[in-house]
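A.B. asks: Here is my input; please provide its structure:
(one chain, ligands or ions: 4)
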Amino acid sequence: MRIDLHTHSTASDGTDTPAELVRKAAAAGLDVVALTDHDTTRGHAEAVAALPEGLTLVTGAELSCRIDGVSMHMLAYLFDPEEPALLAERELVRDDRVPRARGMIEKLNALGVPVTWEQVARIAGDGSVGRPHVASALVELDVVPTVGDAFTKDWLADGGRAYVEKHETDPFEAIRLIKGAGGVAVFAHPAAVKRGRTVPESTIAELAAAGLDGIEVDHMDHDADTRTRLRGIAGELDLLVTGSSDYHGSRKTCVLGEYTTDPEVYGEITRRAFGAFPVPGAGGA
Ligand code: AMP
Ligand code: ZN
Ligand code: FE
Ligand code: FE
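C.D. replies: Ligands and ions are numbered 1, 2, ... in the order given. Prediction:
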């Protein structure tokens, strides 16, 4: 069984529609794929409708969090998408992305870059707007050669010249909300140092004590030593270990199924979920 528990579609900053994403997941030989767009579940319905025979969809989202000034991401799986408290928090974070993107555009204009909101809005479409969309605009304008090159202190990296913070949820609150909505909480790429500051091990321990279910260990932004260290932490704290591609279509270099999650861990995630349940492919749609 091949299980990839972290992907993005055009519902946030991926480049494949949810329907394309599930078709590609099946073609890549995956048995289970989670759709985890940033701060939104709006891609789920389309993914379910297009689900190929033999592929199971884990509904999810990747929630933007911040603690002690450090941004971090919390993967939420199999929660009830209509549970009001978590829904309200997702909407708060997602809606704040719009004025925040406009703020980054203003900063870029002040730096002499002629990017416009119309351009970024066209790239984002109806997806939850984020820095990768602004980065794609910078590529279009020949300011940087690739999306990744926009994530430097010169441009959009945390604390960079054109960076603007958005509202982000306290991770303890996020865990409480995810559990309250029947879901399972996994700390995404907890040691992805190339994305900026990361939280200390003591914070992971505190989150574990607060009900965190697992940590994402096998991820392209973790080198071999980091993975070994994280596996050790997970063992000490009795946390589940997941692996995933964090696929973003053509906006990132990783491929579907590049890293995967152990079937036993997947089974435990589904056992712990009391909200929604995985959706097996109906086929043909
Ligand atoms: P946002 O949620 O709008 O702050 O954007 C965060 C997203 O930008 C992450 O989920 C990644 O997809 C992407 N990102 C963050 N850091 C980098 C980086 N160093 N290189 C490429 N993409 C990045
Ligand atoms: Zn993303
Ligand atoms: Fe992330
Ligand atoms: Fe992600």
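
A.B. asks: next structured bit after the helix or strand hosting Val93?
C.D. replies: In the assignment (DSSP states H and E), Val93 maps to helix 84-110. Downstream of helix 84-110, the first helix or strand assigned by DSSP H and E is helix 117-124.

A.B. asks: How about residues contacting that following helix?
C.D. replies: Contact partners of helix 117-124, identified using Cβ atoms under 8 Å, 6 or more residues apart in numbering, comprise Asp13, Ala101, Arg102, Ile105, Val129, Gly130, His133, Val134, Ser136, Ala137, Glu140. No exception for glycine: its C-beta is placed from N, CA and C like everyone else's.

A.B. asks: any idea how far ligand 3 is from the second one?
C.D. replies: Here the criterion is Cβ to the ion, to the nearest Å. By it, Ala101 lies 17 Å from ligand 3.

A.B. asks: does that residue really touch Val129, like I thought?
C.D. replies: Yes: Ala101 is within contact range of Val129, at 4.8 Å (criterion: Cβ atoms under 8 Å).

A.B. asks: Which secondary structure state does Val217 sit in?
C.D. replies: Secondary structure assignment for Val217 (DSSP: H, G, I helix; E, B strand; the rest coil): strand.

A.B. asks: for it, what are its contacts?
C.D. replies: By Cβ under 8 Å, 6+ apart, Val217 lies in contact with Arg227, Leu230, Arg231, Ala234, Val241, Thr242, Gly243.

A.B. asks: check contacts around the closest residue to the last one other than its chain neighbours.
C.D. replies: The spatial neighbour of Gly243 that comes closest, neighbours along the chain excluded (Cβ to Cβ, 6 or more residues apart in numbering), is Asp218 at 2.9 Å. If you count contacts by Cβ under 8 Å, 6+ apart, Asp218 has them with Arg227, Val241, Thr242, Gly243, Ser244, Tyr259, Thr260, Thr261.

A.B. asks: What is the nearest of those to ligand 3?
C.D. replies: Ser244 (10.1 Å; Cβ to the ion).

A.B. asks: Which pLDDT value belongs to the closest one?
C.D. replies: The model reports Ser244 with a pLDDT of 98.

A.B. asks: Please apply the same query to Cys254.
C.D. replies: 91.

A.B. asks: ok, so what distance separates it from ligand 4?
C.D. replies: From Cys254 across to ligand 4, the span is 10 Å (Cβ to the ion).

A.B. asks: List buried residues within the contacts of Asp218.
C.D. replies: By the neighbour-count criterion of 16 or more other Cβ atoms under 10 Å, the contacts of Asp218 include these buried positions: Arg227, Val241, Thr242, Gly243, Ser244, Tyr259, Thr260, Thr261.

A.B. asks: Okay, and which of the contacts of Asp218 map to strands?
C.D. replies: Val241, Thr242, Gly243 (DSSP state E).

A.B. asks: Name the nearest of those residues relative to Thr152.
C.D. replies: Gly243 (27.6 Å; Cβ to Cβ).

A.B. asks: and the closest one, what does it touch?
C.D. replies: By Cβ under 8 Å, 6+ apart, the neighbours of Gly243 are Leu5, Glu216, Val217, Asp218, His219, Tyr259, Thr260, Thr261, Asp262.

A.B. asks: a markdown table for those, including pLDDT and distance to Pro84?
C.D. replies: Converted to a markdown table, the contacts of Gly243 look like this (pLDDT from 0 to 100; distance: Cβ to Cβ, whole Å):
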| residue | pLDDT | distance to Pro84 |
| --- | --- | --- |
| Leu5 | 98 | 26 |
| Glu216 | 98 | 27 |
| Val217 | 98 | 33 |
| Asp218 | 98 | 34 |
| His219 | 98 | 32 |
| Tyr259 | 98 | 34 |
| Thr260 | 98 | 34 |
| Thr261 | 98 | 30 |
| Asp262 | 98 | 34 |
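
A.B. asks: from the stretch 51-200 of the chain, which residue is nearest to ligand 1?
C.D. replies: Nearest residue of the stretch 51-200 of the chain to ligand 1: Gly130, at 2.9 Å (Cβ to the nearest ligand atom).

A.B. asks: so which helix or strand takes in the closest residue to that residue other than its chain neighbours?
C.D. replies: In this structure, Gly130 finds its nearest non-sequential neighbour in Asp13, 4.5 Å apart by Cβ to Cβ, 6+ apart. Following DSSP H and E, one finds Asp13 outside all helices and strands.
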